[in-house]
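Trainee: Sequence first, predicted coordinates after that:
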Amino acid sequence: MSTKVYHNLIGGEWLPSRSGKTFQNINPADNSDVVGEFPASNAADVDLAVAAAKKAFASWRLVPAPKRAEILYRTGELLKERKEEYARQMTREMGKVLSETRGDVQEAIDEAFYVAGEGRRLFGKTTPSELQNKFAMSVRMPLGVVGLITPWNFPMAIPSWKLFPALVAGNTCVIKPAEDTPLSTYNLVQTLIDAGLPPGVVNIVAGFGPDAGAPIVEHPGVRAISFTGSSEIGSLVAQRAAANFKPVSLEMGGKNAQIVMEDANLDLALDGALWGAFGTTGQRCTATSRILVQKGIADKFIGQLVERAQKLKVGNGLEAGIDVGPQVNAQQIETSTKYAEIALKEGAKLLTGGEALTAGALANGTFFAPTVFAGVSAKMRIAREEVFGPVVSVIEFDTFEQAIEVANSIDYGLSTALYTRDVNRAFTAMRDLEAGITYINAPTIGAEVHLPFGGVKQTGNGHREGSEALDFYTTWKAVYVDYSDKLQRAQIDNAE
Ligand code: ADP
């Protein structure tokens with residue numbers, strides 16, 4: 001079977017990259033399976049995409065927001081029909097198991113319906129003027145062309161978190177999907193087009209970060225950048241964008257802790273730990289990578305955690321009965337392997353896993369065994385640095401106060417979880433955990449689209465997606481209407 005070839009989407013036309021270069025999208029469960037061939041774009045393609053988006057902005061910004069929202073609503077309806085097909089394609093390009101890719105498409109559906117409602121809100125404020133016969137109000141305005149750079153771990157959900165609020169607000173977009181998972185962005189944007197999105201309103205430029213992402217960040221015609229990815233690249237993006245004062249929304253790493261108190265429902269805490277640590281093969285920015293367990297229950301908890309981790313079935317996410325899919329590529333396997341070695345050198349105890357899995361049917365893919373380290377101290381690199389793989393560290397503590405201190409002792413601040421039956425401690429943790437998200441008696445993963453999503457410290461730069469995304473994709477305009485028919489001077493004519 002010949003490989004399907006995909007082009008960039010520019011001004012409503014599907015165009016190959018100007019250089020003619022392409023790259024392959026490979027199935028991580030079976031590296032001999034090429035999902036598709038995509039354009040390896042560079043600055044010349046970005047120039048065309050930005051020009052098309054700029055042209056489309058002139059008319060898109062004038063489409064009433066409720067009408068823009070109707071397109072998003074129809075997108076949600078179409079995604080519902082296509083959910084199974086798109087989920088299967090996503091598992092093939094990204095690896096996570098089918099139930100999770102269905103969830104990923106579902107998140108885009110939820111986002112479509114949630115943001116569609118915003119089309120009839122986009123509220124501003126009215127406020128009394130200090131002068132007579134003068135009306136004052138604030139209105140949300142679109143920014144213009146926005147650049148969206150997305151990662152591979154939520155190949156449809158994260159693009160939808162960025163595209164939909166940007167669009168309902170009246171912006172036009174240039175999106176560069178992650179090089180490992182461009183197909184799901186294509187599917188999402190094709191659905192927007194089928195729902196009636198006019199040409200040029202969304203443009204796709206596929207390719208690698210330095211070649212296709214950096215020119216979007218630097219382009220003078222792009223008014224704002226929304227980026228999700230590593231802290232290393234996020235810092236680069238922010239510095240480059242700062243050169244021309246471009247607003248940047250960054251959503252980056254995590255080193256998320258689940259705290260388990262002695263009074264917790266142990267089975268529930270175990271279910272949460274396994275799902276949080278090994279769901280999406282540990283490749284979520286909210287993944288549980290540290291489990292803080294109170295000493296009295298540590299042996300029992302760790303014993304059961306290891307037993308259950310060993311029972312998880314690793315394999316091709318399209319097959320029934322598989323719990324954990326592959327890591328997205330060989331580089332991620334290298335990172336997990338490197339951190340397993342670092343942890344051992346630091347004196348952590350490897351209880352299970354710690355290596356790539358290559359036996360039998362797994363030989364053609366990039367699989368890593370669910371891994372548990374115990375005897376970890378808060379100072380070790382394995383307890384501080386993001387692995388982004390199925391690797392979890394258990395740290396033991398004596399008191400609740402110590403647990404909070406250890407949980408907060410890292411550079412990141414995305415998600416946290418506390419398992420306890422003590423309501424006083426639950427509320428104390430909600431107040432004291434330094435993170436953008438805190439769960440009580442639920443795992444660190446599982447954010448919903450209508451709440452703020454993002455983190456503190458080195459996880460982000462203060463912006464939030466989800467419920468607060470419009471704050472990034474709009475700018476405020478103050479409008480004064482004087483109906484007094486005379487010159488009125490604020491701070492002068494009405495002064496005491
Ligand atoms: P991950 O570890 O999830 O791959 P990255 O930060 O490397 O995270 O990538 C996230 C996104 O940023 C991807 O779409 C990638 O292509 C893009 N990217 C990588 N390098 C750059 C860069 N120098 N400028 C802009 N975007 C980049």
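Mentor: Arrived safely.

Trainee: okay, residue 237: pLDDT?
Mentor: Reported pLDDT at residue 237 in the predicted model: 98.

Trainee: Next SSE downstream of the lengthiest helix in the chain?
Mentor: Longest helix of the chain, by residue count under DSSP state H: helix 65-94. Following helix 65-94 in sequence order, the next helix or strand is helix 98-118 (DSSP states H and E).

Trainee: So which bits of the stretch 1-150 of the chain are right by the ligand?
Mentor: Residues of the stretch 1-150 of the chain lying close to the ligand by Cβ under 6 Å from any ligand atom are 149-150. Using the backbone N, CA and C atoms, a C-beta is placed for each residue, glycine as well.

Trainee: mind listing what the closest residue to the ligand within the stretch 251-400 of the chain touches?
Mentor: Across the stretch 251-400 of the chain, the shortest distance to the ligand (Cβ to the nearest ligand atom) belongs to residue 388, at 6.7 Å. If you count contacts by Cβ atoms under 8 Å, 6 or more residues apart in numbering, residue 388 has them with 253, 282-283, 287, 332, 335.

Trainee: Of those - the most surrounded one?
Mentor: Greatest neighbour count in the contacts of residue 388, by other Cβ atoms under 10 Å, goes to residue 287: 30 neighbours.

Trainee: Enumerate every residue touching that residue.
Mentor: Shown in contact with residue 287 (Cβ under 8 Å, 6+ apart): 254, 256, 276-277, 279-280, 388, 444-445.

Trainee: elements contacting whichever strand or helix holds residue 343?
Mentor: Residue 343 belongs to helix 330-346 when assigned by DSSP H and E. Contact here means 3 or more Cβ pairs under 8 Å, 6 or more residues apart in numbering; DSSP states H and E; on that basis helix 330-346 packs against strand 349-352, strand 356-357, strand 367-368, strand 371-374, strand 391-397.

Trainee: Phi and psi next, for residue 361.
Mentor: Torsion angles at residue 361 (phi, psi; degrees, to the nearest 10) stand at phi -70, psi -20.

Trainee: wait, it sits on residue 319?
Mentor: No: using Cβ atoms under 8 Å, residue 361 makes no contact with residue 319, being 9.1 Å away.

Trainee: Find me the pLDDT at residue 1, would you?
Mentor: Residue 1 carries a pLDDT value of 64.

Trainee: With mean pLDDT, distance to residue 224 and mean neighbour count as extra columns, can I get the helices and strands packed on helix 330-346 in JSON lines?
Mentor: Listed next are the helices and strands packed on helix 330-346 as JSON lines, based on pLDDT from 0 to 100; distance: least, Cβ to Cβ, whole Å; neighbours: other Cβ atoms under 10 Å:
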{"stretch": "strand 349-352", "mean pLDDT": "98", "distance to residue 224": "44", "mean neighbour count": "16"}
{"stretch": "strand 356-357", "mean pLDDT": "98", "distance to residue 224": "40", "mean neighbour count": "19"}
{"stretch": "strand 367-368", "mean pLDDT": "98", "distance to residue 224": "36", "mean neighbour count": "26"}
{"stretch": "strand 371-374", "mean pLDDT": "98", "distance to residue 224": "39", "mean neighbour count": "25"}
{"stretch": "strand 391-397", "mean pLDDT": "98", "distance to residue 224": "35", "mean neighbour count": "25"}
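
Trainee: now those as CSV including distance to residue 127?
Mentor: Formatted as CSV, the helices and strands packed on helix 330-346 follow (distance: least, Cβ to Cβ, whole Å):
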stretch, distance to residue 127
strand 349-352, 61
strand 356-357, 61
strand 367-368, 56
strand 371-374, 56
strand 391-397, 50
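
Trainee: Of all these, which one is nearest residue 17?
Mentor: For the helices and strands packed on helix 330-346, proximity to residue 17 was assessed by Cβ to Cβ; strand 367-368 is nearest, at 32.0 Å.

Trainee: That closest one packs against which elements?
Mentor: Right, strand 367-368 is packed against helix 330-346, strand 356-357 by 3+ Cβ pairs under 8 Å, 6+ apart.

Trainee: Tell me the strands beside the last one, with direction?
Mentor: Using DSSP bridges, the strands paired with strand 356-357 are strand 367-368 (antiparallel).

Trainee: mind listing what's buried in stretch 38-50?
Mentor: By neighbour count with 16 or more other Cβ atoms under 10 Å, stretch 38-50 contains the buried residues 38-43, 45-50.
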